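> compute the structure for the input listed below.
(2 chains)
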Amino acid sequence: GAVVSQHPSWVICKSGTSVKIECRSLDFQATTMFWYRQFPKQSLMLMATSNEGSKATYEQGVEKDKFLINHASLTLSTLTVTSAHPEDSSFYICSARASGSPWTQYFGPGTRLLVL
Amino acid sequence: QKEVEQNSGPLSVPEGAIASLNCTYSDRGSQSFFWYRQYSGKSPELIMFIYSNGDKEDGRFTAQLNKASQYVSLLIRDSQPSDSATYLCAARRGSNYQLIWGAGTKLIIKP
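Numbering: from 1, shown residues only, chains lettered A, B, ... in the order given. A predicted model of the protein is given here:
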């Protein structure tokens, strides 16, 4: 159980375009979803926390107008990187916390974004 | 001072030996602690969590928590080459269940 999927797994786009990444909890309802970014050889950096039906809470230094997060249902959250630039190239990973399960976050497989 | 600190390694351990990974945290209000394993190019996967003082065993893995010393460790018995990965320690904070992450320790198991 506790499977989280992400789509796409890989995306290459031109500078200035927008990219949407989907995160789905497949076999449980996710009250809270987290979006992380990880640069090569660095640790996870939390970008934002989203609760279903409410606005996401962004970490300091993360532009909310650039990284749009929508958590419209208990099984789906999306991250849209708007007007992507080469410096946005990174590994984006979502995780989900199950309703009633305070202890663990289950991670999606990640999305590798390359902006040319 | 980082909230969760880990030695970045690499930690090199011979196959079959015990690998010991350590983590310290600064916030005494942290309530539960997690160990994740991350293979290169992959997302983290949960190994185990602990929230009570003492030891918690799961197969070849043992997590140890000492709240007085603000110290968490992960022991891997009978280390295998497939255990080679980066091990991330995380502490839970807040009502939104955010995790505070350490930078990770790279573990190399030598055959």
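> all contacts plus neighbour counts: C-alpha atoms, from now on.
OK.
> any residues touching stretch A:60-68, and which ones?
Contact with stretch A:60-68 is made by A:47-48, A:58, A:78-83, as judged by C-alpha atoms under 8 Å, 6 or more residues apart in numbering or on different chains.
> in PyMOL, how would I select the buried members of the residues you listed?
The PyMOL selection below is limited to those of the contacts of stretch A:60-68 classed as buried (16 or more other C-alpha atoms under 10 Å in any protein chain shown):
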select buried, chain A and resi 47+48+58+78+79+80+81+82
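> closest one to residue B:11 out of the contacts of stretch A:60-68, please.
residue A:47 (29.0 Å; C-alpha to C-alpha).
> contacts only, for the closest one.
With C-alpha under 8 Å, 6+ apart, residue A:47 has these contacts: A:34-37, A:58-59, A:62.
> what distance do you get for it to residue A:37?
7 Å (C-alpha to C-alpha, to the nearest Å).
> for stretch A:2-17, buried residues please.
By neighbour count on 16+ other C-alpha under 10 Å, the buried set for stretch A:2-17 is A:4-9, A:13, A:15.
> so where is chain B shaky, pLDDT-wise?
Within chain B, the stretches with pLDDT under 70 are B:1, B:94-96.
> so which residues on chain A come close to chain B?
For chain A, the contact set with chain B under C-alpha under 8 Å from any C-alpha of the partner chain comprises A:32, A:42-44, A:49, A:93, A:102-104, A:106-110.
> from the contacts of residue A:47, which ones fall inside strands?
Members of the contacts of residue A:47 lying in strands (criterion: DSSP state E): A:34-37, A:58.
> what is the burial count for residue B:89?
Residue B:89 has 29 neighbours, counted by other C-alpha atoms under 10 Å in any protein chain shown.
> with residue B:41 instead?
When neighbours are defined as other C-alpha under 10 Å, residue B:41 has 12 of them.
> do you know how far it is from residue A:73?
Distance of residue B:41 to residue A:73, computed by C-alpha to C-alpha: 29 Å.
> and the closest residue to residue B:85 other than its chain neighbours, how far from residue A:65?
Leaving out its chain neighbours, the residue that sits closest to residue B:85 by C-alpha to C-alpha, 6 or more residues apart in numbering or on different chains is residue B:39, at 4.9 Å. Separation of residue B:39 from residue A:65 (C-alpha to C-alpha) stands at 32 Å.
> between these two, who's got more neighbours?
Neighbour count, other C-alpha under 10 Å: between residue B:39 and residue A:65, residue B:39 has more, with 15 against 10.
> wait, doesn't that one sit right on residue B:83?
No - between residue B:39 and residue B:83 no contact is recorded; they are 9.1 Å apart, counting by C-alpha atoms under 8 Å.
> what do the two both touch?
Between them, residue B:39 and residue B:83 share no contacting residue, judged by C-alpha under 8 Å, 6+ apart.
> flag every residue of chain B that's near chain A.
Counting by C-alpha under 8 Å from any C-alpha, chain B sits next to chain A at B:32, B:34, B:42-46, B:49, B:96-98, B:101-104.
> for the residue sitting nearest the centre point of chain A, give its distance to residue A:109.
Geometric centre of chain A, nearest residue: residue A:35, 3.6 Å, by C-alpha atoms, centre = their mean. Per C-alpha to C-alpha, residue A:35 is found 12 Å from residue A:109.
> same deal with residue B:70?
31 Å.
> the two: which is more packed in?
residue A:109 (24 against 15).
> can you name the residues that contact the residue lying closest to residue A:13 once chain neighbours are set aside?
Once flanking residues are discounted, residue A:13 sits nearest to residue A:115: 5.1 Å by C-alpha to C-alpha, 6+ apart. Counting by C-alpha under 8 Å, 6+ apart, residue A:115 touches A:12-15, A:84-89.
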